[in-house]
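Enquirer: coordinates for the following, if possible.
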Amino acid sequence: MSAPKDEEDKKPPGLDGKLFRRIVSYLMPYKGWVALAFMLVLAAAFLGPLRPKLVQIAIDNHIVQGDMDGLQRIVIILICVLVGEGVLSFINGYLTQWIGQQAIYDVRTRVYRHIQKQSLSFFDRTPIGKLITRTTSDVESLSDVLSAGVVTILGNMFRILFIAMFMFSLNWVLALVTLTALPLMIYVTFWFRKKVRVQYRETRKQVARLHSFLQEHITGMSIVQLFNREKEELRRFKDINSDHRQAQIRTIFYFALFWPAVDIIASIATGLVLWVGGLRAMDNVLTVGVLIAFIQYARQFFEPIRNLSDQYNTLQSAMAGAERIFGLLGEDHDIKETENPVDIDRFNGTIEFRNVWFTYNKEPKEGEEPNWILKDVSFTVNQGETCAIVGATGAGKTTIINLLLRFYEIDKGHILVDGIDITTMRLADLRRHIGLVLQDVFLFSGSIERNITLDNPEIDEAAMRKAAKLIGADGFIDKLEAGYAHDVRERGASLSHGQRQLLSFVRALVYDPSILVLDEATSSIDTETEELIQHAMEHLLKGRTSIVIAHRLSTIQDADTILVMHRGQLREKGSHQELLAMDGLYRRLYELQYKEQEQAQSA
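Expert: Next comes the predicted model:
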């Protein structure tokens, strides 16, 4: 299934005021600090244009007049202005960066919190690399805007205003001459921003593709190497990397045109000022000090315009990233909780599925029937019973577990625990009292202790060690050099599959769940470890309602109830002996496995 097309790709280029306001809204918790930064940048914006004015006064009023004392005073004032401008710039730079980092922290936290709330259906169709890009580089693209961006943009606008004010106060004719180049500058800037907006969006898209490819193929590197697909996957990576390079080069191309164009326009304005001002100075219409001040103002006037263009470049990057971030935040696939949930202290453990229907494809094509994974499934597991679910791959076994834990929402019917519909419970309460052990165990990088307790302060060391001893995992843990502090590395790479499986049992047990769910939990471990787990299960399941999904029927013969699933329907139900007597699907599955075991033993 191809990934859905990003919504921002459908939008026309341009500065989205609503999007910009949404970005700036993250500065509101720090509005007092932003106001202080703005006052500092406003003072610095005034001191900059003051320098040419002081130079004009020094030349016309003191150098020409031979007034050494007056010249010294102007030089001292000029030095104070320069020092003041430098100090203000330093304070403002530190302050705006501090504000920006606080805001970026808030944005990244909100994005991660939003991802955590999504249902599994969201992760089924969203590439992990895309989510990583949103949380890292896309969020980082907002950094400059949320730090110096907004304040600096306002500061440069006021700097332009102050420069214009000083120029018109000195000589309105030369001021108008300087401004003659402004329309051309505005045209070039608008052309540039239109082109760059499109390219920044394309660049962000290519970055997401690159991250998705790398995440997927580095995770699956064993498969790539096993099937000798290195050359083919390298070719695909080169294609994606080439698209990313081309997007970057096209962006660089527009910058390579824009910056020289700005410099040429500024030089033209300076040349016009020198020509017109020089003629007027030779006619004694204006003084040399005014002419020199205007040459400085002409250069200064286009500097903030250049800076605004550069900040527009930063803004475009931020807008492209923000479109994608807010697009992610707009995707709401979380499981909705009721406004008045039922308070749950602890489950007794009675589970009931009542006429449950479910499909993963919520939007079938017109005229097509939904591809039902579960079809009108009803059964009850009484308190303290062990219920086993068997069936062929794709029969709907794991789906039953996902629906019980509300990883997905059912389409029709009801699921009840202790007679209470699970949709009326808090998700935290529902999942806190159900322990789940999967075949594919996921361990985080860090210590064994952290992977068992998941940093829950309510679980002390004594409870952890007791659970490990009950399961039988303490044997291999104590043999490790660091014991419970042993680093399991990413995905538990330093442990065997059987050891990882044992830790998953300890993790489930230490939380003391009322209901225990085992999804193929013993299907991929060695016989010795399986015997160890089966021995521990006698203690683990005692007093708990349990649901066990297993391919090996020999492991669930003692279950109180066995459910036989076939193509999404509950076809048979009963104990091991009752199902064998029915001479139906279960008996055929049992005989097939029995023959396979006999053949394996003979071999």
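Enquirer: once you drop chain neighbours, what's closest to Leu272?
Expert: Val177 (5.1 Å; CB to CB, 6 or more residues apart in numbering). Heads up, the C-betas are built off the backbone N, CA and C, glycines and all.
Enquirer: and if you look at Ile91?
Expert: According to CB to CB, 6+ apart, the nearest residue to Ile91 is Leu40 (5.9 Å).
Enquirer: try Asp429
Expert: That would be Ile344: by CB to CB, 6+ apart, it lies 4.1 Å from Asp429.
Enquirer: wait, the one you found sits on Leu427?
Expert: No: the pair Ile344 / Leu427 is not scored as a contact, 11.0 Å apart, by CB atoms under 8 Å.
Enquirer: per-residue confidence at Gln199?
Expert: Predicted confidence (pLDDT) at Gln199: the value is 78.
Enquirer: equivalent analysis for Lys238, please.
Expert: 90.
Enquirer: that's a helix at it, yeah?
Expert: Yes: counting by DSSP: H, G, I helix; E, B strand; the rest coil, Lys238 is part of a helix.
Enquirer: separation between it and Leu308?
Expert: Lys238 is 38 Å from Leu308, where distance means CB to CB, to the nearest Å.
Enquirer: so which of these two has more stuff around it?
Expert: Comparing Lys238 with Leu308 by neighbour count (other CB atoms under 10 Å), the higher total belongs to Leu308, at 18 against 11.
Enquirer: assign that one to helix, strand or coil.
Expert: Assigned with three-state DSSP, Leu308 falls in the helix class.
Enquirer: wait, is Ile562 part of a strand?
Expert: Yes: the assignment for Ile562 is a strand, going by three-state DSSP.
Enquirer: which ones are touching it?
Expert: Contacts for Ile562 (CB atoms under 8 Å, 6 or more residues apart in numbering) come out as 387-390, 556, 572-576, 579, 586.
Enquirer: now the buried members of those.
Expert: Among the contacts of Ile562, those buried by neighbour count (16 or more other CB atoms under 10 Å) are 387-390, 556, 572-574, 576, 579, 586.
Enquirer: Tyr586: which element?
Expert: helix 585-602 (DSSP states H and E).
Enquirer: now the residue nearest to Leu272: which helix or strand?
Expert: Per DSSP H and E: helix 172-179 holds Val177.
Enquirer: what mean pLDDT does that helix have?
Expert: Per-region confidence: helix 172-179 scores 84 on mean pLDDT.
Enquirer: then stretch 32-45?
Expert: The model assigns stretch 32-45 a mean pLDDT of 88.
Enquirer: enumerate the positions of it that are buried.
Expert: For stretch 32-45, by 16+ other CB under 10 Å, it's 34, 36-38, 40-42, 44-45.
Enquirer: pipe these into JSON lines and attach distance to Ile401 and secondary structure per row.
Expert: Formatted as JSON lines, those follow (distance: CB to CB, whole Å; DSSP: H, G, I helix; E, B strand; the rest coil):
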{"residue": "Val34", "distance to Ile401": "50", "secondary structure": "helix"}
{"residue": "Leu36", "distance to Ile401": "55", "secondary structure": "helix"}
{"residue": "Ala37", "distance to Ile401": "53", "secondary structure": "helix"}
{"residue": "Phe38", "distance to Ile401": "55", "secondary structure": "helix"}
{"residue": "Leu40", "distance to Ile401": "59", "secondary structure": "helix"}
{"residue": "Val41", "distance to Ile401": "58", "secondary structure": "helix"}
{"residue": "Leu42", "distance to Ile401": "61", "secondary structure": "helix"}
{"residue": "Ala44", "distance to Ile401": "62", "secondary structure": "helix"}
{"residue": "Ala45", "distance to Ile401": "63", "secondary structure": "helix"}
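Enquirer: circling back: tell me the contacts of the residue nearest to Ile91?
Expert: Neighbouring residues of Leu40 by CB under 8 Å, 6+ apart: 88, 91-92, 95.
Enquirer: restricted to buried residues, select those residues in ChimeraX.
Expert: Buried residues among the contacts of Leu40 (16+ other CB under 10 Å), as a ChimeraX selection:
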select :88,92,95
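Enquirer: phi, psi of Phe379?
Expert: phi -170, psi 170 (degrees, to the nearest 10).
Enquirer: neighbours around it, how many?
Expert: With other CB under 10 Å as criterion, Phe379 counts 16.
Enquirer: measure the spatially closest residue to it that is not a sequence neighbour to Asn371 for me?
Expert: Distances taken as CB to CB, 6+ apart put Phe353 closest to Phe379, at 5.4 Å, once the chain neighbours are dropped. Phe353 sits 19 Å away from Asn371, going by CB to CB.
Enquirer: what's the answer for Lys205, then?
Expert: For Lys205, the distance to Asn371 equals 31 Å [CB to CB].
Enquirer: higher neighbour count, these two?
Expert: Shown here are Lys205 and Asn371; by other CB under 10 Å, Lys205 has more neighbours (20 against 10).
Enquirer: would that one count as being in a strand?
Expert: No: looking at Lys205 with three-state DSSP, it is helix, so not inside a strand.
Enquirer: re earlier: so for the buried ones among the contacts of Ile562, which is the shakiest by pLDDT?
Expert: Within the buried ones among the contacts of Ile562, lowest confidence goes to Ile556 (82).
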